[in-house]
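Trainee: have a look at this prediction, sequence included:
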Amino acid sequence: MGTIIGKLATGAAAAVLLIDLAVAQSAPEVQVQAKRAVTTSTGRIANGVPVMDITVSYGVSAKDIDLSTSSGAKELEQRVNDAAAAACKEISRQLASGSPSEAECIANASGKAMGKVREMVAAAQKNTAPK
């Protein structure tokens with residue numbers, strides 16, 4: 001019974017995320033993707049050790065942030081870091097062990113997303129620069 005409720009809650013959360021993503025299609029957004037691998041029986045690498053990758057992805061909206069300001073840029077960076085932490089904690093909750101560690105997962109996920117953040121900030125600053 002608890003497993004069914006857990007699956008329903010996960011499905012509901014995923015539906016909310018999908019709705020949020022659909023609404024935010026026109027708003028600037030950064031995708032934060034966390035990934036960990038754990039040994040299991042779903043696949044095997046060359047040496048025969050079974051491996052399964054788990055990925056959690058969150059969309060981080062910037063629609064209410066003025067990215068042309070340093071405070072706006074910092075706010076988006078903080079949101080990305082928070083999303084990376086949430087994604088990696090969700091993976092850790094589902095997996096007792098895995099690689100990379102939760103701290104490395106957070107650093108990897110936020111690091112990958114920061115490239116998009118820098119692009120968005122640069123574009124916003126370019127659009128507001130005096131001509």
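Mentor: Done, it's in. Given the structure is predicted, the values throughout are model-derived calculations rather than measurements.
Trainee: now do the biggest helix by length in the chain: which elements does it pack against?
Mentor: Assignment by DSSP state H gives helix 102-128 as the longest helix of the chain. Counting contacts by 3 or more Cβ pairs under 8 Å, 6 or more residues apart in numbering; DSSP states H and E, the secondary-structure elements packed against helix 102-128 are strand 29-38, helix 70-94. Every C-beta, even on glycine, is put in place using the N, C-alpha and C of the backbone.
Trainee: and residue 39, what's its pLDDT?
Mentor: Looking at residue 39, its pLDDT reads 58.
Trainee: before we move on, what about residue 2?
Mentor: Per-residue confidence at residue 2 stands at 46 (pLDDT).
Trainee: same question, the one 4 residues further on
Mentor: You'll see residue 6 listed with a pLDDT of 45.
Trainee: return stretch 122-130 as CSV; C-alpha atoms alone will do.
Mentor: Included here for stretch 122-130 are C-alpha records, laid out as CSV according to Å, rounded to 0.1, in the frame of the first residue of the first chain:
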residue,chain,number,x,y,z
ALA,A,122,25.0,38.0,-20.9
ALA,A,123,22.1,38.3,-23.3
ALA,A,124,20.1,40.3,-20.8
GLN,A,125,22.9,42.7,-20.1
LYS,A,126,23.6,43.1,-23.8
ASN,A,127,19.9,44.0,-24.4
THR,A,128,20.0,46.7,-21.6
ALA,A,129,23.4,48.2,-22.5
PRO,A,130,23.3,51.9,-23.5
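Trainee: same question for that stretch, mean pLDDT?
Mentor: Stretch 122-130 shows an average pLDDT of 86 in the prediction.
Trainee: tell me the angle of the longest helix of the chain relative to strand 29-38?
Mentor: Put simply, helix 102-128 runs at 160 degrees to strand 29-38, going by axes from the mean of the first three to the mean of the last three Cα atoms, to 10 degrees.
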